[in-house]
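Trainee: take this sequence and fold it.
(one chain, ligands or ions: 2)
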Amino acid sequence: MKALKGAFFHMLDDPAVIDTNEAYVYEPNGLILIEDGHIKAAGAYAELKPTLPAKTKVTNHTGSLIIPGFVDTHIHFPQLDMIASFGEQLLDWLDRYTFPEEAKFADPAHAEECAEFFLNELLRNGTTSALVYGTVHKQSADALFKAAYARNMRIIAGKALMDRNVPESVRDTAESGDRESRELIKDWHGKGRLGYAVTPRFAPACSDEQLRRASQILEDHPDVLMHTHLSENMSEIAWVDELYPDAKGYLDVYAKFGLLTNRSVFAHCIHLKSDEFQQMAEADAAISYCPTSNLFLGSGLFNLKEAEKYGVKVGMGTDVGAGTSFSLLQTMNEAYKVCHLKGHKLDPFKSFYLATLGGARALNIGDRIGNFEAGKEADMIVLDLASTPLVERRLKHCKSIDETLFILSMLGDDRTVGHTYIAGECLYSKAKG
Ligand code: GUN
Ligand code: ZN
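Mentor: Ligands and ions are numbered 1, 2, ... in the order given. Predicted coordinates for the structure are as follows:
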């Protein structure tokens, strides 16, 4: 048994669905008890302190704000070395920068080095769980799983399936993609806290046979996820229309191949039509909202209100390397601005919900992580309320938790994350680097 003392905040539900005051907990003088890597209790210090067994180690985070670790619902670990590449929209960006970079992951040593850096960068940014794309190479996923297992992180990942319309250096076949995905599931799915996602890159890069086999893998493994891209860019959508003239639209292509399920996570979904949102809701599929990427690639503005209207599960994603930051705080910043341009106000409770519990629910792991309910895994971060002179100064004028959260989401970044705990163990401290 151990405990953290300090102010804490977490979400219990979606504030767009239930009354906001019922949707969150803020405890200014709190205590979080951890046993065997799980939350035992989280409540007021004065109430919980007397229940602590003698000799329980209490770490004092007074003056900071403890929240659940961030959940990144869409990120590419092999795109580290080409993040911030100039000037192109999606399809040219893939050809010019992305595929040449991903070809380097044929070398397992390169994959291993990148996996280590990548996971450390997640921890530095307070991201404790993520749904991650590998490259087409099996060894990219092996490297990531191995490094995540060593850190005991709840990471879901997959090797990308891509057997057409891409350079040979990053192409598999329907047969090899199927076989290697199954091998990876056998080796890693359910090991420690790891999970597998069948990962067709996007419909234009996958043959019919490859998509059919992807859906068969899902059927054979009832708790494996499906992770892909959808309706991100107008030229991409026109290309899908050309490739599939008989489909009703882009989503329908995935649906026809059995890939629209309650275990499916679709990144972007910027240009979905109302009936497609409805179809997503009926299937209980999830969307990853990736505002820094959508702005960077000039893809468009996601309509969060429409997703809310139809009750589609949504989480936030950084989509590094099209996204420009690993920080979910920075992602909330851009999300707010995108919503503003779409004519509505993204309140900070909703924003923190999307980056924690909402993301966990989008990945179907909301019963294990995402908040401090008793029994959940103790993935937590400690936010530094004086990370820069400006943040410290601005927060002095702040009177409520929603204002504090909003300011952190506008001005915060990796510097805001003081400590990152994985299953109760502190794996990162800013002071130590
Ligand atoms: N669509 C297909 N591949 C990718 C990718 O790597 N990044 C983004 N943003 N969209 C994609
Ligand atoms: Zn992506």
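Trainee: quick one: contacts for the residue in the stretch 301-433 of the chain positioned nearest to ligand 2?
Mentor: Ranked by C-beta to the ion, the top residue of the stretch 301-433 of the chain for proximity to ligand 2 is residue 319, at 4.5 Å. All C-beta atoms are positioned from the backbone trio N, CA, C, and that covers glycine. Residues in contact with residue 319, defined by C-beta atoms under 8 Å, 6 or more residues apart in numbering, are 74-76, 267-268, 288, 290, 292-293.
Trainee: same check on residue 225?
Mentor: 131, 156, 195-198, 263-265, 363-364.
Trainee: looks like residue 212 contacts residue 257 (just checking).
Mentor: Yes - shown here, residue 212 and residue 257 form a contact pair, counting by C-beta atoms under 8 Å, at 5.9 Å.
Trainee: who has more neighbours out of these two?
Mentor: Counted by other C-beta atoms under 10 Å, residue 212 and residue 257 do not tie: residue 257 has more neighbours, with 19 against 16.
Trainee: skipping its backbone neighbours, what lies nearest that one in space?
Mentor: residue 211 (3.9 Å; C-beta to C-beta, 6 or more residues apart in numbering).
Trainee: you'd agree the one you found is up against residue 199?
Mentor: No - the criterion here is C-beta under 8 Å, and residue 211 misses it with residue 199 at 12.0 Å.
Trainee: quick one: residues contacting the residue nearest to residue 257.
Mentor: By C-beta under 8 Å, 6+ apart, the contact set of residue 211 is 200, 203, 253-254, 257, 259.
Trainee: and the two most separated of the residues you listed?
Mentor: Across those, the longest distance by C-beta to C-beta is 10.4 Å; it joins 200 and 253.
Trainee: still on that earlier bit, three-state assignment of the residue of the stretch 301-433 of the chain closest to ligand 2?
Mentor: On the three-state scheme (DSSP: H, G, I helix; E, B strand; the rest coil), residue 319 is labelled coil.
Trainee: related to what we said a few turns ago, which among the contacts of residue 225 are in contact with ligand 2?
Mentor: Taking C-beta under 5 Å from the ion, there is no overlap between the contacts of residue 225 and the neighbourhood of ligand 2.
Trainee: in strands only, show me these.
Mentor: Judged by DSSP state E, strands contain the following of those: 131, 156, 195-198, 264-265.
Trainee: quick one: the helices in the stretch 251-400 of the chain, in order.
Mentor: Counting by DSSP state H, counting those that start in this stretch, the stretch 251-400 of the chain has helices at residues 274-283, 291-296, 304-310, 328-341, 348-355, 357-362, 389-395.
Trainee: how about the ones you listed in JSON lines, adding mean pLDDT and distance to residue 226?
Mentor: Compiled in JSON lines, the helices of the stretch 251-400 of the chain are given as follows (pLDDT from 0 to 100; distance: least, C-beta to C-beta, whole Å):
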{"stretch": "helix 274-283", "mean pLDDT": "98", "distance to residue 226": "11"}
{"stretch": "helix 291-296", "mean pLDDT": "98", "distance to residue 226": "20"}
{"stretch": "helix 304-310", "mean pLDDT": "98", "distance to residue 226": "18"}
{"stretch": "helix 328-341", "mean pLDDT": "98", "distance to residue 226": "23"}
{"stretch": "helix 348-355", "mean pLDDT": "98", "distance to residue 226": "20"}
{"stretch": "helix 357-362", "mean pLDDT": "99", "distance to residue 226": "12"}
{"stretch": "helix 389-395", "mean pLDDT": "98", "distance to residue 226": "39"}
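Trainee: most tightly packed of the ones you listed?
Mentor: Greatest average neighbour count among the helices of the stretch 251-400 of the chain goes to helix 357-362 (a mean of 28), per mean count of other C-beta atoms under 10 Å.
Trainee: dump the helices of the stretch 251-400 of the chain to TSV, plus distance to ligand 2.
Mentor: Shown next, in TSV, are the helices of the stretch 251-400 of the chain (distance: least, C-beta to the ion, whole Å):
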stretch	distance to ligand 2
helix 274-283	18
helix 291-296	7
helix 304-310	18
helix 328-341	13
helix 348-355	17
helix 357-362	15
helix 389-395	30
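Trainee: what does the stretch 151-300 of the chain have sitting close to ligand 2?
Mentor: Contact residues, the stretch 151-300 of the chain versus ligand 2 (C-beta under 5 Å from the ion): residue 267.
Trainee: for residue 36, what are its contacts?
Mentor: Residue 36 sits in contact with residue 424, where contact means C-beta under 8 Å, 6+ apart.
Trainee: hmm, residue 386 is touching residue 394, no?
Mentor: No - if you go by C-beta under 8 Å, residue 386 and residue 394 don't touch, sitting 10.5 Å apart.
Trainee: can you list the buried residues in the longest helix belonging to the chain?
Mentor: Ordering each helix of the chain by length in residues (DSSP state H) puts helix 108-124 first. Under the neighbour-count criterion of 16 or more other C-beta atoms under 10 Å, helix 108-124 has 110-112, 114-116, 118-119, 121-124 buried.
Trainee: from the contact counts, what lies against that helix?
Mentor: The contact analysis (3 or more C-beta pairs under 8 Å, 6 or more residues apart in numbering; DSSP states H and E) places helix 108-124 against helix 138-150, strand 417-422, strand 425-429.
Trainee: quick check: which of these is nearest to residue 407?
Mentor: Nearest to residue 407 among these is strand 417-422; the distance by C-beta to C-beta comes to 15.4 Å.
Trainee: tell me the angle of that closest one relative to strand 425-429?
Mentor: Angle, strand 417-422 to strand 425-429, by axes from the mean of the first three to the mean of the last three C-alpha atoms, to 10 degrees: 150 degrees.
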